[in-house]
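Undergrad: Let me see the structure of the following:
(one chain, ligands or ions: 1)
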Amino acid sequence: MIAIGCDHAATEYKKEIKALLEKRKEQVLDCGTQEGESCDYPVIAEKVALAVAGGKCSAGILICGTGIGMSIAANKVKGIRCALCADVFSAEATRLHNDANVLAVGQRNMGIGNVLKIVETFLDTPFSKEERHARRIGQITETEKRYFK
Ligand code: RB5
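TA: Below is the predicted model:
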């Protein structure tokens with residue numbers, strides 16, 4: 001199951017991405033917000049991040065105006081590696097190298113065609129499992145343990 005969430009700046013893109021996920025026969029956990037409801041992006045980011053960190057969902061997708069606020073907020077949840085991606089190359093690289101488990105994109109600064117390709121690439125690319133990448137992710141986890149309760 002894929003968790004998805006957006007703020008009021010990105011309800012259109014959430015609809016488009018949900019349609020893509022449904023076409024791919026993915027189960028979707030919609031963490032809001034719904035059209036017309038103004039909200040604070042950290043609240044939505046936390047819901048999506050907890051669904052992924054807790055194992056209920058295998059990946060998360062967050063959308064706000066730029067994707068920046070969502071990515072900052074999601075990365076405060078232990079176990080989350082949220083990648084803000086504005087291009088397909090980054091979406092592929094962050095899965096191969098960082099084993100990112102949440103994707104953040106922006107509605108105000110990215111075209112929808114590009115965003116849909118980014119989402120597909122993110123979901124279709126497995127972690128490389130290469131030793132050097134696994135080692136570096138392990139180091140991130142160690143850093144997390146030192147500073148996050
Ligand atoms: C909302 O106006 C905007 O600040 C938000 O969507 C996001 O871009 C924050 O990073």
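
Undergrad: Around the ligand, which positions in this structure sit nearby?
TA: Applying CB under 6 Å from any ligand atom, we find that the chain lies next to the ligand at 7, 9, 41, 64-66, 68-69. (C-beta placed from N, C-alpha, C; glycine too.)

Undergrad: Make TSV from those residues and add secondary structure and pLDDT to it.
TA: Formatted as TSV, those follow (DSSP: H, G, I helix; E, B strand; the rest coil; pLDDT from 0 to 100):
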residue	secondary structure	pLDDT
D7	coil	98
A9	helix	97
Y41	helix	98
C64	strand	98
G65	coil	98
T66	coil	98
I68	helix	98
G69	helix	98
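
Undergrad: Which among those count as buried?
TA: Among those, those scoring as buried are 7, 9, 41, 64-66, 69 (criterion: 16 or more other CB atoms under 10 Å).

Undergrad: rewinding a little: including distance to N75, could the residues of the chain next to the ligand go into CSV?
TA: Output for these, formatted as CSV (distance: CB to CB, whole Å):
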residue, distance to N75
D7, 16
A9, 19
Y41, 13
C64, 14
G65, 18
T66, 15
I68, 11
G69, 11
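
Undergrad: Look at P126 and say how many residues are nearby.
TA: For P126, the neighbour count with other CB atoms under 10 Å is 8.

Undergrad: repeat for G36
TA: With other CB under 10 Å as criterion, G36 counts 7.

Undergrad: per-residue pLDDT, it?
TA: Note on G36: pLDDT of 82.

Undergrad: Kindly report the same for E46.
TA: 98.

Undergrad: And G106, by the same measure?
TA: Looking at G106, its pLDDT is 98.

Undergrad: residues touching it, list them.
TA: Residues near G106 by CB atoms under 8 Å, 6 or more residues apart in numbering: 10, 63-68, 84, 86.

Undergrad: Kindly report the same for A59.
TA: 2-3, 52, 101-103, 122-123.

Undergrad: Among those, which are located in strands?
TA: Residues of the contacts of A59 located in strands (DSSP state E): 2-3, 102-103.

Undergrad: Considering these, which possesses the most neighbours?
TA: L103 (31 neighbours).
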